[in-house]
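Undergrad: Sequence first, then the predicted structure:
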Amino acid sequence: MDADRTQRGDAGWARSRFDGSAVLVALGGRWTLAHARSLEETLGRVDTRGAKALRVDFGDVAAIDTGGAWLLHRQILRWQEAGAEIGLVRASHSQTALLDRMSIEGESRPSLARPSEGAIRELLIRTGEATVEIGREAYALLSFVGAVFSAWGRAWRRPGRIRLTSTVFHIERIGIDALPIMGLLAYLIGVVLAFQGADQLRQYGAEVFTINLLGVSILREIGVLITAIMVAGRTGSAFAAEIGTMKVNQEVDAMRTIGLDPMETLVMPRLFALAIALPLLVFFANAMALAGGATMVIVGLDLSLPQFFEQLASAVTFPTFLIGLIKAPVFAVLIGMVACYEGLKVSGSAESVGIHTTRSVVKSIFLVIVFDAGFSVFFSRIGL
């Protein structure tokens, strides 16, 4: 099944021949937009009639751009519709990725299995790319952290640069507007903890220690952790979406053009507001969770409110109360930095806003949990 000849000049060419049980389609030359007309004619003359398996060999391809990749992708779809199984031979990772990008919504993606590259090599390639990407992301985030602390230092040296109006506005959004949902959530968590704790301790006749369980777990861990996760989902996503939309509308570039620093204008007021509002939210959430637990204890265990407070005072020390509040400003800075960083990374489209908003929530919650685990180990080691 000999097919084709080399095209004029340095245009791409294609030849087909039997290779065992399959048809091998060898490609060569330059598969670029400049030669689109001759390339389409070349592909039209490749004889693959009746082939059930096709192997497309990229070994002699000198160059390929999106124009050539689109023509190949369209031809591969035709071959698949004719019932042929497609595989790529000697295709580089960049060539395969370029073909993959040509798939549009609603079309079936070609099967781009590369027999010459084993599954292990493919796994190593993907692992390496992911590792490099994680390294770049960590470096970029650390650079952003450095820029934030630099701006923070300038603000403390010159307090007049702090935008108080913007900071107070964000405190209202982060704190006051979140009180209803935060209070309801914390109250219900207190009820659940008291119910489950009493149910387990009843087996040992120690229901009264449900109050100890409530006090220590809520004030030390649960209150600050749930509040930080809620703020990451509610406020962090809003920050990322707002700044990202400003990037798409080129408002951030306009700020730089007129001499405004986006760090001082957009990032610092949000960080200051979070650092102030989150500890207050944690205090409120702790109180509501304890109120929920007290309700459950009084109704379910027949204890009075004075008995609840007496047992709570014996179980909770001042360091226990303080530990939860110490974590809050750290979590606030983490959430604010990640949200603003992802918002400033947005580029070009509404899809990018959605992607980076999602990333900001996921990264914030991940970092909050990691730092909370670190705090737990640290305080345990120093005896608190």
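TA: Arrived safely. Residues are numbered from 1 along each chain as shown.

Undergrad: Surely Val61 forms part of a strand?
TA: Yes. According to DSSP: H, G, I helix; E, B strand; the rest coil, Val61 belongs to a strand.

Undergrad: How many neighbouring residues does it have?
TA: Neighbours of Val61 under the rule other Cβ atoms under 10 Å: 21. Quick note: C-beta positions are derived from backbone N, CA and C, even for glycine.

Undergrad: right, and it touches Thr32 too?
TA: No. With contact defined as Cβ atoms under 8 Å, Val61 and Thr32 do not form a contacting pair (10.4 Å).

Undergrad: Report all helices and strands that the helix or strand hosting Glu351 contacts.
TA: In this assignment (DSSP states H and E), Glu351 forms part of helix 350-381. For helix 350-381, the elements it packs on are helix 223-231, helix 237-248, helix 318-345, judged by 3 or more Cβ pairs under 8 Å, 6 or more residues apart in numbering; DSSP states H and E.

Undergrad: List the contacts of the closest residue to Ile171 other than its chain neighbours.
TA: If the residues on either side of it in the chain are set aside, Ile171 comes closest to Ala273, at 4.6 Å by Cβ to Cβ, 6 or more residues apart in numbering. Applying Cβ atoms under 8 Å, 6 or more residues apart in numbering, we find Ala273 in contact with 167-171, 173-174.

Undergrad: what angle separates the helix or strand harbouring Ala273 from helix 223-231?
TA: Assessed by DSSP H and E, Ala273 sits inside helix 268-301. Using axes from the mean of the first three to the mean of the last three Cα atoms, to 10 degrees, the inter-axis angle of helix 268-301 relative to helix 223-231 is 130 degrees.

Undergrad: Report the angle between helix 268-301 and helix 237-248.
TA: Interaxial angle of helix 268-301 relative to helix 237-248 (the same axes, to 10 degrees): 160 degrees.

Undergrad: next structured bit after helix 268-301?
TA: Counting by DSSP H and E, the next helix or strand C-terminal to helix 268-301 is helix 305-315.

Undergrad: which helices and strands sit right next to that following helix?
TA: Judged by 3+ Cβ pairs under 8 Å, 6+ apart, the packing partners of helix 305-315 are helix 210-217, helix 268-301.

Undergrad: rewinding a little: quick check: neighbours shared by Val61 and Thr32?
TA: Common contact partners of Val61 and Thr32 (Cβ under 8 Å, 6+ apart): Gly12.

Undergrad: before we move on, back to that, what's the average pLDDT for the helix holding Glu351?
TA: For helix 350-381, the mean pLDDT works out to 88.

Undergrad: Next, the buried residues of it.
TA: By neighbour count on 16 or more other Cβ atoms under 10 Å, the buried set for helix 350-381 is 353, 355-357, 359-361, 363-365, 367-368, 372, 375, 379.

Undergrad: Tell me where the stretch 1-150 of the chain has strands.
TA: 13-19, 22-31, 53-64, 85-89 (DSSP state E, counting those that start in this stretch).

Undergrad: Distance from the last one to the middle of the chain?
TA: Offset of strand 85-89 from its chain centre (Cα atoms, centre = their mean, to the nearest Å): 34 Å.

Undergrad: Just the angle for that strand relative to strand 53-64, thanks.
TA: 40 degrees.

Undergrad: helices and strands around the top helix by length along the chain, which ones?
TA: In the chain, assigned by DSSP state H, the helix with the most residues is helix 119-157. If you count contacts as 3+ Cβ pairs under 8 Å, 6+ apart, helix 119-157 packs onto helix 268-301, helix 318-345.

Undergrad: domains of the chain?
TA: As recorded under automatic domain parsing, the domains making up the chain are 13-117, 162-381.
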